[in-house]
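Enquirer: Build the 3D model from these lines:
(one chain, ligands or ions: 1)
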Amino acid sequence: MASSLLSPSFSSFLRTKKDLPLYAFSSQRCFKAVPKRIRCSVAAPQRQPSTTGSVRTAMTMTEKILARASEKAQLSPGDNVWVNIDVLMTHDVCGPGSIGIFKREFGEDAKVWDREKVVIIPDHYIFTSDERANRNVDILRDFCQEQNIKYFYDIKDLGNFKANPDYKGVCHVALAQEGHCRPGEVLLSTDSHTCTAGAFGQFATGIGNTEAGFVLGTGKLLLKGPPTLRFVMDGGMPDYLLSKGLILQIICEISVAGATYKAMEFVGTTVESLSMEERMTLCNMVVEAGGKNGVVPADSTTFKYIEGKTFLPYEPVYSDQKARFLSEYRFDVSKLEPVVAKPHSPDNRALARECKDVKINRVYIGSCTGGKTEDFMAAAKVFLASGKKVKVPTFLVPATQKVWMDVYTIPVPGSGGKTCSQIFEEAGCDTPASPSCGACLGGPKDTYARMNEPQVCVSTTNRNFPGRMGHKEGQIYLASPYTAAASALTGYVTDPREFLQ
Ligand SMILES: CC(C)[C@H](C(=O)O)[C@@H](O)C(=O)O
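Expert: From the prediction side, this is the model:
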């Protein structure tokens, strides 16, 4: 690696790197392999507060993960620390840029720090004839071949996604399904919805291309520890609510800037009762409140989901009882009603029933937020309960190839063995499309279900900014899969209780 090619900040880091013992950069999980005390004293010869044996201050789980990953005994909000990264993910939109920066800064022949810790998932602009979008995937492929990247979920045949057994689809859902989400670890990726993986009790956050270029070369990143907001959600989940409703409620309460550079920790009996997919939905939209990361303590639900998906050891951490939280918010979930976020901001709250006069042109069910297996099962439940047909075009975009398979194979409870796909067909929905991010963020003009007209859409996705799904005058109502399906059946924004009670 030619250090003369490096920018000042990169080269000063590398000087530090030279002084550190080798094991800090090995592919092993060094906090497991090396006793903490030895690590600290070798890496930092001067006595630090963390090595004096003084009683440590209570920490939140986010602080603990970052402390451990930076080989410190203690971390307080605001501390800047060099964090060892467990997984770095990138996709077709940001991968080429990150690779370009990596090559520019570390040299054309540089190798990534660990070929088994880099995960590359084409997912955004896949099923399009847009040449630049297609070229992005080619750049990823060339890089993965050159670097012998272990986890590259490639797609070559755009005409038939099933002909690409490695292809997954939406990165945040694929990361979980493929066992890349492990409690206590640090996962970074060039996508703001990386916070989804906090559902597994890990520190997961989105980074920029420049940072990703740096991580590709070093496996480290300088991160500032965020303070934590704690959300305690208790009470039985009403059977017309999904966790999309919970996170919309929270964002509306604290605003789109309410958690800027803060961790959002979700606890309480309701959270404990949620499935992994529902926890993922909760953490997924943390960034819509400005959050640095979302986190749910790992429990038996987490361990069961992970079982068989990864063979790497992991070590969960939990907030200390006396951990300091910046604020605490409490919700009695049993009293909540279905909400939507009206155009053009995820915190533009209204009760679904307050919008019953809003006429809509289409419904979209898909994305990392609302395109998981359970999201389709929820929508199918509403269609099944109504026995009616949809009144507006209803687009279904499974997040991943596995979700697509589930839609076609898993029987919906109470349906006499029908699959979601059968129920959707009977209800008159569009045939489930090839898995990808689809029209969640507009995409090239020929993207399936893109809003090319100034229409009104109820969507299970995460953002409703002007132009988000295509047309800049389009109007997007963010909603749960229950509310989206109910709205499809009436042609108006509809409270799902109309069909579920
Ligand atoms: C393309 C990518 C940079 C972007 C993000 O990071 O959020 C996208 O995934 C989105 O949802 O808007």
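Enquirer: which residues of the stretch 51-200 of the chain score low on pLDDT?
Expert: Scanning the stretch 51-200 of the chain for pLDDT under 70 picks out 51-55.
Enquirer: hmm, 50 instead?
Expert: For the stretch 51-200 of the chain, the stretches with pLDDT under 50 are 51-52.
Enquirer: what ranges do the helices span in it?
Expert: Listed in chain order, the helices of the stretch 51-200 of the chain (DSSP state H, counting those that start in this stretch) span 61-69, 95-106, 131-147, 171-177.
Enquirer: Put together TSV for these, with distance to the ligand and mean neighbour count on each row.
Expert: Using the backbone N, CA and C atoms, a C-beta is placed for each residue, glycine as well. Formatted as TSV, the helices of the stretch 51-200 of the chain follow (distance: least, C-beta to the nearest ligand atom, whole Å; neighbours: other C-beta atoms under 10 Å):
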stretch	distance to the ligand	mean neighbour count
helix 61-69	20	26
helix 95-106	10	21
helix 131-147	11	16
helix 171-177	8	27
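Enquirer: now those helices in a markdown table, with distance to L158?
Expert: As requested, the helices of the stretch 51-200 of the chain are exported to a markdown table (distance: least, C-beta to C-beta, whole Å):
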| stretch | distance to L158 |
| --- | --- |
| helix 61-69 | 38 |
| helix 95-106 | 17 |
| helix 131-147 | 8 |
| helix 171-177 | 18 |
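Enquirer: show me what contacts T494?
Expert: Residues counted as contacts of T494 (C-beta atoms under 8 Å, 6 or more residues apart in numbering) are 352, 356, 483, 486-487.
Enquirer: are any of those buried, and which?
Expert: Neighbour counting over the contacts of T494 (16 or more other C-beta atoms under 10 Å) leaves 352, 483, 486-487 as the buried ones.
Enquirer: Tell me the one of those nearest the ligand?
Expert: Checking those against the ligand with C-beta to the nearest ligand atom, the nearest one is T483 at 20.5 Å.
Enquirer: Please settle this for me: is the closest one part of a helix?
Expert: Yes: under DSSP: H, G, I helix; E, B strand; the rest coil, T483 sits within a helix.
Enquirer: Now the stretch 201-350 of the chain against the ligand: closest residue?
Expert: The nearest approach of the stretch 201-350 of the chain to the ligand comes at G206, 5.5 Å away (C-beta to the nearest ligand atom).
Enquirer: show me the contacts for V287.
Expert: 192-193, 195, 206.
Enquirer: okay, now the residue in the stretch 1-150 of the chain that the ligand sits nearest to: neighbour count?
Expert: Closest residue of the stretch 1-150 of the chain to the ligand, C-beta to the nearest ligand atom: V93 (4.0 Å). Using other C-beta atoms under 10 Å, V93 has 19 other residues around it.
Enquirer: Quickly list the domain ranges of the chain.
Expert: Per the record, the chain has its domains at 61-308+326-333, 340-498, by the TED database.
Enquirer: Need the ones you listed in CSV (columns: distance to Y314).
Expert: Shown next, in CSV, are those (distance: least, C-beta to C-beta, whole Å):
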stretch, distance to Y314
domain 61-308+326-333, 4
domain 340-498, 22
